[in-house]
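A.B. asks: Quick one, structure for this:
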Amino acid sequence: MEEKNYRNVLVPVDGSAVTNSVVDRAISVALANDAHLDILNILEVNQFNQTYGSAVSGDVVFKLTENTEDNLEKIRKRAVEAGVKDVDIHIRFGNPKPIIAREFPHDHNTDVIVIGSTGLSAVERLIIGSVTSYVTRTAICDVLIVRSKNDPKPVK
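C.D. replies: Residues are numbered from 1 along each chain as shown. Okay, the predicted model is just below:
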């Protein structure tokens, strides 16, 4: 079997409980392959519009973007301190499913997406569907799923 050499690693982060584990695994993959690491957060501004019934002000979007950029910068610094030589942070707006699975990997020549098994509760997955599930079905590159210690264990 041929071993794949990853040059561009994508780690989408959402601030959920599994984020640290996912970032650690992405850093390991980037280090093992001497690869570029892209850290991505997707802001769904339209979810605020639906929740509050009106357009979100530019000030709210600006503050949200600023806070997200600060958090991403902390993750970038962690990756650099771990030895990853080439790290970029990105913020995109929209639906995370197609952005993570196809749009971002296409734009950045991503070889592998390192993603958490879930960032949602069971009820949220039922209602809106799992981003991870969508990404594994439709991604244009390899996908590495990082399981949380709270994930159900596979049946043997």
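
A.B. asks: C-alpha only now, for contacts and for neighbours.
C.D. replies: Fine.

A.B. asks: average pLDDT for whichever helix in the chain runs longest?
C.D. replies: Secondary structure of the chain per DSSP state H: the longest helix is helix 58-82. Across helix 58-82, pLDDT averages out at 92.

A.B. asks: got the contact list for that helix?
C.D. replies: For helix 58-82, contacts defined as Cα atoms under 8 Å, 6 or more residues apart in numbering pick out 23, 27, 39-41, 43, 45, 86-91.

A.B. asks: now the residues you listed: which count as buried?
C.D. replies: The neighbour-count criterion (16 or more other Cα atoms under 10 Å) marks 23, 27, 39, 40, 41, 43, 45, 87, 89 among these as buried.

A.B. asks: Okay, and the nearest residue to the first one once chain neighbours are set aside sits in which element?
C.D. replies: When you say that, I think you mean residue 23. Computed as Cα to Cα, 6 or more residues apart in numbering, the closest residue to residue 23 that is not its neighbour in sequence is residue 11, at 6.7 Å. Assigning secondary structure by DSSP states H and E places residue 11 in strand 8-12.

A.B. asks: now what about that strand, what contacts it?
C.D. replies: By Cα under 8 Å, 6+ apart, strand 8-12 touches 22-23, 26, 29-30, 35-42, 100, 105, 108-115.

A.B. asks: now do stretch 17-27
C.D. replies: Taking Cα under 8 Å, 6+ apart as the rule, stretch 17-27 contacts 9-11, 13, 37, 75, 79, 82, 84, 114-116, 118-119, 146-148.

A.B. asks: Give me the buried positions along it.
C.D. replies: For stretch 17-27, burial by neighbour count (16+ other Cα under 10 Å) applies to 18, 19, 21, 22, 23, 24, 25, 26, 27.

A.B. asks: got those as a markdown table, with secondary structure columns?
C.D. replies: Below are the buried residues of stretch 17-27 laid out as a markdown table (DSSP: H, G, I helix; E, B strand; the rest coil):
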| residue | secondary structure |
| --- | --- |
| 18 | coil |
| 19 | helix |
| 21 | helix |
| 22 | helix |
| 23 | helix |
| 24 | helix |
| 25 | helix |
| 26 | helix |
| 27 | helix |
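
A.B. asks: Format those residues as TSV; extra columns: pLDDT and distance to residue 142.
C.D. replies: Below are the buried residues of stretch 17-27 laid out as TSV (pLDDT from 0 to 100; distance: Cα to Cα, whole Å):
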residue	pLDDT	distance to residue 142
18	85	20
19	90	19
21	92	19
22	94	15
23	97	17
24	96	18
25	96	14
26	97	13
27	98	16
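
A.B. asks: Perfect, I'm done here.
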